[in-house]
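# The following comprises the amino acid sequence and a computationally predicted model.
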Amino acid sequence: MTAAIPPQRLPTGLKLALDFGPLLIFFVANKFGNVFVATGAFMAATAVAMLVSWVKTRHIPPMLIFTGLIVLVFGGLTLWLRDETFIKLKPTLIYATFAAILGFGLATGRRYLKLVLGEVLPALDDAGWVKLQRNWALFFVGLMLANEVARRMLTTDQWVDFKVWGVTLATMAFAVAQTPLLRRHGVDFD
């Protein structure tokens, strides 16, 4: 019997391109076309990201599989019904799902965030994982609510800007804001 080979890690630049490339393509396609062109481009770019991940590592991360399926379903509904509401609902569903998974993990004593980030933060102690998981669960609730407000109050072009730039910058700022917590619970950034 052969042992399972752990998936290879992607170079940082390629990982960032696979994580943020489809969103950037969505933004550019919306600026030069419309939300329907952007949705089709987003769906294609997400499929390419999944394919590249598979070809390079023989593995597709679970989060990319989940978001890829949601993009396919909600993007498909957007294009089929010619209704932009579906692509605007996609982030709400994703954020709600992430918040629910992390919240369920907190309620049942499971460290789901550690499953995703444990390799990156091996020194983080258990109390740190609990606090980090709580913080991210609350952050996803906040993103879910912000997306609901934005999709109802903004034009489609404004919503795309909010989704691509506002959410991305807020997420990066939130991640950086977790640095003191990580330091207090065993992570050394030196």
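Ah, there it is. Not measured: the values here are computed from a predicted model.

# host element of the closest residue to L72 other than its chain neighbours?
Leaving aside its chain neighbours, L72 sits nearest to M43 (6.3 Å; criterion: CB to CB, 6 or more residues apart in numbering). For glycine as for every other residue, the C-beta is placed from the backbone atoms N, C-alpha and C. Secondary structure assigned from DSSP states H and E places M43 in helix 35-57.

# F74 reaches P91, doesn't it?
No. F74 sits out of contact with P91 when judged by CB atoms under 8 Å, with a separation of 9.4 Å.

# gap between the worst-scoring helix or strand of the chain on mean pLDDT and the chain center?
The helix or strand of the chain with the poorest confidence is helix 112-117; it has a mean of 90 (mean pLDDT, DSSP states H and E). Averaging C-alpha positions (CA atoms, centre = their mean, to the nearest Å) puts helix 112-117 14 Å from its chain's average.

# now stretch 126-141
16 Å.

# ok, now stretch 83-99?
On CA atoms, centre = their mean, the centre of stretch 83-99 falls 11 Å from that of its chain.

# Report the distance from stretch 180-190 to the chain centre.
23 Å.

# Tabulate the CA atom coordinates of that stretch in CSV.
What follows is stretch 180-190 as a C-alpha-only set of coordinates in CSV (Å, rounded to 0.1, in the frame of the first residue of the first chain):
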residue,chain,number,x,y,z
PRO,A,180,-1.3,41.2,18.2
LEU,A,181,-3.5,38.2,19.0
LEU,A,182,-1.2,35.9,17.1
ARG,A,183,1.9,37.3,18.9
ARG,A,184,0.2,36.9,22.3
HIS,A,185,-0.5,33.2,21.5
GLY,A,186,2.8,32.0,20.3
VAL,A,187,3.4,33.2,16.8
ASP,A,188,6.8,34.9,16.3
PHE,A,189,7.0,37.0,13.2
ASP,A,190,10.7,37.5,13.5
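
# hmm, who's touching that stretch?
121, 123-125, 127-129, 131-132, 135, 179 (CB atoms under 8 Å, 6 or more residues apart in numbering).
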